[in-house]
Structure formats: structure tokens, C-alpha cells
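**Q** Sequence and computational prediction follow.
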Amino acid sequence: MKQISVRGTLGDAYTVGLKTIPFGEDIEILHHTEHKHWYKSIREVYGWFKHIKSVTFLEFGFPEEKEMSGVPNSTMKWFPGKKDIKPFNAIQTLPEKYIAISAHAGREDMMARRIPIEWLEKMIAIASPIPVMLLGTNLQYSNIENCINVVGKTTVTEMAEIIIKSSGFCGPEGLPCFFALSHKKESVIFYVRPQPVQARLIQNPWQEYIIDLIHLGGS
């Protein structure tokens, strides 16, 4: 079994999963992150991949040159298929047609990407009569109305299932948008810093499914 060392959070875990599919062998992940409260969700993300057999969390990181980066590369599996990823079928009832919107992405610190509540309310109104399923974990969004608000009510795997079965996606740069694009969902992506967008979302096969890139302000 091949060992891969990784650091980062949810988006990095998903990208590393895609990058290791072409290896054609079973993978053991050694993952370092300072954000221990995300261990469970990171393990869930790795668990989507059939070839990732083991995940161990480390208190320390390896030197960067010995780690696999969470930035996409040209050899990764941009669009995983049924033979690569386990099925998502835990949710029994979903609308026949809906748009998935992720209210935020990233760590809850200076790296956070949050869509303003008033923007979300306008997006929900514009989407009508197509229903919106609002995703996230930050409870400041939990009282937004006129949508199917599941903020704080889903696991990361349930979030993925809602996205994969949606008619389209809107949300900030991060795991939900990586997952949506890798499953060919037409997407509107919000961002704060241009560098991650340039490194992860444009001039690669995912760009075909990006309808628009919208700056949230900030740096």
C-alpha cells in the first residue's frame, strides 16, 4: 500500500483523492492539520474514494517537498466515475429539481469565504420557482427563509449527495465547489483571493462548468 503525506483541510483532502486515482493502487493517507475538530469530516471525504484504504492523523507535518499538495495537477482524475467513488444514496427524499447553494467555505478565520446573507436572499428569490437547498455549518445562516435550509443539519457526505443530485451549484471556492465541478455541475463560484482561483479553478477542465466567478471583496 502506497503512503501519501498530506496537510490541509477538506478541499485538500478531496483534491488529493482525485490526484491519487491514476496511481492505480491502494493508498494510505498520513494527514496533518491543526484543525482537529475537522478530523471526522476529513476522514469522511477520504472515505468517498474506493482506493483510499487507511487514514491516520498526525500531530506534525512532513517537510513540504515530501507532501502531496492539495493543488490540482494535470494528471489527476478531474471527473471521477462510479469505479472511483462510492455511491451517495443516504438521503431518501430530495426535490426532483433544485439548486444547491453553499453559504460559506474555508476555515472560520481570515481564510473564510462567506456569502452575505442579503446576497443569498436575492439568489433564492432569483432562482424561484426552482427551490434552493442552502448548505453550510455556520449557524448565522440557519434562519434564512424561502429555501430548504439545511445549514448545520448535514454531514459532509450528505452535503456531497445534495450537490451531486442538484441541477446546479453556487458557492465559494472550497470543497463544495470542487466537488460540484468534478461532477460537471454548472456553477457560480464566489472568491476572496484570486490566487486560489487561478491555481485550482481556471485553465483546467473544471473551467468549462464555471458560469461565473464573483468577487466577495477583501484581499
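**A** That came in fine, so what should we check first?

**Q** and the closest residue to Gly17 other than its chain neighbours, what are its phi and psi?
**A** Nearest residue to Gly17 in three dimensions, chain neighbours excluded: Phe49, at 4.3 Å (CB to CB, 6 or more residues apart in numbering). For glycine as for every other residue, the C-beta is placed from the backbone atoms N, C-alpha and C. Recorded main-chain torsions at Phe49 are phi -90, psi 130, according to degrees, to the nearest 10.

**Q** mind checking how far Phe49 is from Glu28?
**A** Relative to Glu28, Phe49 is positioned 12 Å away (criterion: CB to CB, to the nearest Å).

**Q** between these two, who's got more neighbours?
**A** The neighbour count for Phe49 versus Glu28, taken as other CB atoms under 10 Å, is higher for Phe49 (22 against 14).

**Q** who's in contact with Phe88?
**A** With contact set as CB atoms under 8 Å, 6 or more residues apart in numbering, Phe88 has these partners: Thr157, Ala160, Glu161, Ile164, Lys165.

**Q** quick revisit: confidence score at the residue nearest to Gly17?
**A** In the predicted model, Phe49 carries a pLDDT score of 98.

**Q** Could you pull up the contacting residues of it?
**A** The contact partners of Phe49, taken as CB under 8 Å, 6+ apart, are Gly17, Thr20, Ile21, Ile27, Pro80, Asp84, Ile85, Lys86.

**Q** now do Ile27
**A** Here Ile27 is in contact with Met1, Lys2, Gln3, Ile4, Thr20, Phe49, His51, Ile52, Lys53, Ser54 (CB under 8 Å, 6+ apart).

**Q** so what's it bridging to?
**A** With DSSP bridges as the criterion, the beta-bridge partners of Ile27 are Lys2, Ile52.

**Q** Tabulate the contacts of Phe49 (a markdown table), appending pLDDT, secondary structure and distance to Tyr141.
**A** Output for those, formatted as a markdown table (pLDDT from 0 to 100; DSSP: H, G, I helix; E, B strand; the rest coil; distance: CB to CB, whole Å):
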| residue | pLDDT | secondary structure | distance to Tyr141 |
| --- | --- | --- | --- |
| Gly17 | 98 | helix | 27 |
| Thr20 | 98 | helix | 33 |
| Ile21 | 98 | helix | 33 |
| Ile27 | 97 | strand | 35 |
| Pro80 | 98 | coil | 29 |
| Asp84 | 98 | coil | 32 |
| Ile85 | 97 | strand | 28 |
| Lys86 | 96 | coil | 28 |
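
**Q** Buried among the residues you listed? Need that as a selection in ChimeraX.
**A** Here is the ChimeraX command that selects only those of those that count as buried (16 or more other CB atoms under 10 Å):
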select :17,20,21,27,80,84,85
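
**Q** Distance to Phe179 added to the contacts of Phe49, as JSON lines?
**A** Formatted as JSON lines, the entries for those read as follows, by distance: CB to CB, whole Å:
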{"residue": "Gly17", "distance to Phe179": "10"}
{"residue": "Thr20", "distance to Phe179": "16"}
{"residue": "Ile21", "distance to Phe179": "14"}
{"residue": "Ile27", "distance to Phe179": "19"}
{"residue": "Pro80", "distance to Phe179": "10"}
{"residue": "Asp84", "distance to Phe179": "13"}
{"residue": "Ile85", "distance to Phe179": "10"}
{"residue": "Lys86", "distance to Phe179": "13"}
